[in-house]
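Trainee: show me how the following folds:
(2 chains)
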Amino acid sequence: GEDVEQSLFLSVREGDSSVINCTYTDSSSTYLYWYKQEPGAGLQLLTYIFSNMDMKQDQRLTVLLNKKDKHLSLRIADTQTGDSAIYFCAETPGGYNKLIFGAGTRLAVHP
Amino acid sequence: GAVVSQHPSRVICKSGTSVKIECRSLDFQATTMFWYRQFPKQSLMLMATSNEGSKATYEQGVEKDKFLINHASLTLSTLTVTSAHPEDSSFYICSALPSSGGDQETQYFGPGTRLLVL
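Mentor: Below you'll find the predicted structure:
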């Protein structure tokens, strides 16, 4: 079946690194995505990783993919208050463009 | 680039009326658009896939006669909630998949439309 799981809440101190974890079920997912949602807004694409990659880095963001364990993580370096939001991971089952989202992880950044 | 707009951003209507929500890709063409629904503090649930020039594909459990989708052009898809009831109140978000002029592996999301049915 299609199921994406995330921890619901993460609290970090400003300047620390944040690591948000996600597990997915469909091994045929071609791409795995991380989106950010601020209150009352739509989704902003943060980054994505192709399924044959282990790691992707984009400025403060590092995505790690363990395909064997179907585990995806997003690391945000030097977390800032502006990073406070809900972060969704999403898989693409069957390799198609249909996105299946996790429940979202609410990141709270405190001084 | 790759901007998607939705209109209206917020709508309040009476029970029994119909509401139309527009989704536009502003700087790219999109053969395929998607409609999602999000309840408070929950994830996005895919409602349907909208294909330009053909019928939409609905997810299991979504009533196609209740949620009418029209994808009349390569930059516009509309979702009409017919005979809306309070339980239809939700945040509706669309996304568009570039067929040209953007990253064709990535869905770009609109800002969402908050519907409140009284």
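Trainee: only C-alpha atoms for contact and neighbour calcs from this point on.
Mentor: Fine.
Trainee: thought residue B:44 was touching residue A:101?
Mentor: Yes. Judged on C-alpha atoms under 8 Å, residue B:44 makes contact with residue A:101 at a distance of 6.4 Å.
Trainee: need the three-state assignment for residue B:11.
Mentor: Of the three states, residue B:11 takes strand under DSSP: H, G, I helix; E, B strand; the rest coil.
Trainee: on the pLDDT front, check residue B:1 for me.
Mentor: Looking at residue B:1, its pLDDT is 69.
Trainee: got it, and residue A:100?
Mentor: pLDDT for residue A:100: 88.
Trainee: neighbours of it, how many?
Mentor: Counted with other C-alpha atoms under 10 Å in any protein chain shown, residues neighbouring residue A:100 total 23.
Trainee: that one contacts residue A:4, doesn't it?
Mentor: Yes. Counting by C-alpha under 8 Å, residue A:4 is a contact partner of residue A:100 at 7.1 Å.
Trainee: overlap of the contact sets of these two?
Mentor: Both residue A:100 and residue A:4 are in contact with A:90-91, where contact means C-alpha atoms under 8 Å, 6 or more residues apart in numbering or on different chains.
Trainee: is residue A:106 in a helix, a strand, or coil?
Mentor: strand.
Trainee: beta partners of it?
Mentor: Beta-bridge pairing of residue A:106 under DSSP bridges involves residue A:9, residue A:86.
Trainee: just the endpoints, please. Distance across stretch A:100-108?
Mentor: 24 Å (C-alpha to C-alpha, to the nearest Å).
Trainee: got the residues of chain A near chain B?
Mentor: Contact residues (C-alpha under 8 Å from any C-alpha of the partner chain) of chain A with chain B: A:40-45, A:88, A:97, A:99-104.
Trainee: now do 7 Å
Mentor: When proximity is defined as C-alpha under 7 Å from any C-alpha of the partner chain, chain A approaches chain B at A:41-44, A:101-104.
Trainee: closest to residue A:69 among those residues?
Mentor: Nearest to residue A:69 among the residues of chain A next to chain B is residue A:102, at 16.5 Å by C-alpha to C-alpha.
Trainee: distance of that closest one relative to residue B:83?
Mentor: In this view, residue A:102 and residue B:83 are 30 Å apart by C-alpha to C-alpha.
Trainee: the two - which one has more neighbours?
Mentor: Neighbour totals were compared for residue A:102 and residue B:83, and residue A:102 leads with 25 against 14 (other C-alpha under 10 Å).
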